[in-house]
Each structure stands twice: as C-alpha cells, then as structure tokens.
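Q: Task: produce atomic coordinates for the following.
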Amino acid sequence: MKFYVAVTDDAWFNNLRAMSPPPEEVNFWTGSAANHEPGTPWLFKLHSPNNFIVGGGYFTYYTKMPLVIVWDAFGRLNGVDSLDTLKKAIGQYRDDSTSLTTSIGCAVLSQPFFWSRDQWLPAPEDWSPNIVTRKSYETEDAVGAAVWRTVMDRFPKPVAPLRNSVTGGFGKPQLVRPRLNQGAFRLMVTDAYHRRCAVTGEKALPALEAAHIMPFAEVQTHEVSNGLLLRADIHRLFDLGYVTVAPDYRFLVSKAIRDEFTNGRDYYGLNGRTIALPETPSTVPDPALLERHISTIFRG
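A: Take a look at the predicted model:
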C-alpha cells in the first residue's frame, strides 16, 4: 500500500488539533498537485526543526480553487481562524502577491487524526531536508513498513479506512472509499459542473453554491450524485420547493412563485430548460433523488 508523508505548517496542525469536536475533514493546502486514489493515507510532518510525524488523514479529493471559495467551503477547517489569516498564510509561501482570487491547491483529507506530543514519530530515516511538499512510501518496502508499523501501534485497532485481513494482526492494508463531508462535496460538485450553474451557465464562482437534491439530514450523504451546482438564488428557491429538476433533467418552475410573489418572470423564462450535466456518469444527478424532490419538496 502506498502512503505519503507530507510537510505541513505548525500553526495549521496546532489550530486543527485544538478543535473540539475533532474535525471530520480538513483542507491541506499544497502547491503540488495530488491526484491519488481516494483513501490513500497522508501523514503530517512538521517543518524543521520539528522533524516529527504528528498525525494524518485520508486523501479524498484534489483541486485548485480561488482562495475566497476555499474559505467558504472549509472555514476554520483550513487550519486558520479567518479569511485574512488564510490569505497571509498562503502569501508567505508565494513570490507573487496574494488576493482573494488567487487559486490554491486543496488536498481534502477525511478522518484526520492529530497526536499529542508524546505520540509524535521521528521523520523516516531516509527523509531529506530538501523535501518541501511530500514523499511517497510503500508498506512493502523496509522504510515504509517500519513507518507504518509505528503508525498502527498508536491505534488500539486498525484505522477506520483500513481493513484487517489477518486475524490477530494487521495483514495487508486495503484502501476503502473515504466518506465525503461538506467541504469536499462543495469542491467536487463545483468541478463536476465545470464551475458553471447547471441551469443558467453563470460562471461567477462566488455566486454559485453546491446544492443537495435531497437534504443531507434525510439521506445522510454528500455524494456528488445528490448535488447540483446552482446560482445562489436558484439554490434558495430549489431548497424551498419553488423550482426543481425533473428526472429527465428539465428545470421546472412552480406556479407558486407567481401566486405568492406576483413575480418570477426571469425564472419562468428558464422553465423547461435542460440542465447541463457532469461528464462523469457517477456524478450525474440521481433520477430517484430528483423524483423524491419533486414528490416531497416541489410546490408543483
């Protein structure tokens, strides 16, 4: 099994470790693209002189997004306490000026864990001070196996995304799909729809929101197939049942807008339009969920 040891900011680690309750996902900002298999473990190593592995998480998704969108998606799960602090933190690693529209690399990690000082591990024996982002290891290799054994020793049982294949031991680790949370959902839906409103084609990212077709409270899932990228006003109307999307992907507008607000001309002009769909089949809106939205939320 492949895993990574990634260099991280001390303040990022300390801020996230102090959160209560512990976060279910975090945004690990990185200047190096990370297109790994979901579920791949990442271990956090602090900057020198703190050459220690101090925790980790499980890779979920990578993309680049404007800084303001990253803050909207993750907030304090970026490891900072404000948008301004995030801007300054990113700026110290850049030669160019940093603005709210500066794109930053986001590696979304689920099920993060943060160790207390007495649990910290020394950096791997082959670690070089020239490594500024991350280094990959294999559990089948000597150094990687030694690191992974010490990681597993810090848990009373195998970490959630890793299965035991041998009774009484750890066996060969196997990756399982990590659970998506709200921040990853926001970024993945945004990318799936090519950063455009599915209904209007609007491209101004601050005006776009990742909508759940059926509320999370009902379906308990952040799957992209339960999502639509919508302009903020359309998202609001969708959640309230004034608009919907049919299972054949036509946008429908309720007569209740006209009856209750004596308005809605701009929205009725969109009625019957076929929405834009993601290219990846697994991210296309689930027709069964769209039917549920029509039957239980849409005002007809």
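Q: Bridged to Glu25, which residues?
A: Here Glu25 shows beta-bridge partners Ser110, assigned using DSSP bridges.
Q: so what's it up against?
A: Under the criterion of CB atoms under 8 Å, 6 or more residues apart in numbering, the contact partners of Glu25 comprise Gly57, Thr60, Leu77, Val108, Leu109, Ser110, Gln111, Pro112, Asn181, Gln182, Gly183, Ala184. All C-beta atoms are positioned from the backbone trio N, CA, C, and that covers glycine.
Q: Mind pulling up the pLDDT for Ser282?
A: According to the per-residue confidence, Ser282 scores 94 in pLDDT.
Q: Wait, it touches Ser225, no?
A: Yes - between Ser282 and Ser225 there is a contact under CB atoms under 8 Å: 6.6 Å.
Q: who's more crowded, the two?
A: Of the pair Ser282 and Ser225, Ser225 is the one with more neighbours under other CB atoms under 10 Å, namely 19 against 9.
Q: all helices of the protein, in order?
A: For the chain, applying DSSP state H gives helices covering 10-17, 67-74, 83-91, 142-152, 182-192, 216-219, 232-240, 256-261, 265-268, 287-296.
Q: Output those helices as TSV; include the columns mean neighbour count and mean pLDDT.
A: Putting the helices of the chain into TSV (neighbours: other CB atoms under 10 Å; pLDDT from 0 to 100) gives the following:
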stretch	mean neighbour count	mean pLDDT
helix 10-17	17	96
helix 67-74	22	96
helix 83-91	17	94
helix 142-152	16	93
helix 182-192	23	97
helix 216-219	12	91
helix 232-240	18	98
helix 256-261	14	94
helix 265-268	13	94
helix 287-296	16	98
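Q: Serialize those helices to a markdown table and add fields for distance to Ser48.
A: As requested, the helices of the chain are exported to a markdown table (distance: least, CB to CB, whole Å):
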| stretch | distance to Ser48 |
| --- | --- |
| helix 10-17 | 10 |
| helix 67-74 | 27 |
| helix 83-91 | 18 |
| helix 142-152 | 18 |
| helix 182-192 | 29 |
| helix 216-219 | 41 |
| helix 232-240 | 44 |
| helix 256-261 | 60 |
| helix 265-268 | 57 |
| helix 287-296 | 49 |
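Q: for these, which one sits closest to Tyr4?
A: Between Tyr4 and those, the shortest separation by CB to CB is 10.4 Å, and it involves helix 142-152.
Q: Does anything pack onto that closest one? Which helices or strands?
A: Packed against helix 142-152 by the contact rule (3 or more CB pairs under 8 Å, 6 or more residues apart in numbering; DSSP states H and E) you find strand 2-8, strand 41-46, strand 52-66, strand 121-122, strand 134-138.
Q: quick one: which of those strands is nearest Ser99?
A: strand 52-66 (8.8 Å).
Q: Can you mark which positions in that closest one are buried?
A: Within strand 52-66, the residues scored as buried using 16 or more other CB atoms under 10 Å are 52-63, 65-66.
Q: ditto for stretch 191-207
A: Residues Asp191, Ala192, Tyr193, Arg195, Arg196, Cys197, Ala198, Val199, Thr200, Glu202, Leu205 are the ones in stretch 191-207 that count as buried (16+ other CB under 10 Å).
Q: Can you give me the end-to-end span of it?
A: The separation between the terminal residues of stretch 191-207, taken as CA to CA, to the nearest Å, is 15 Å.
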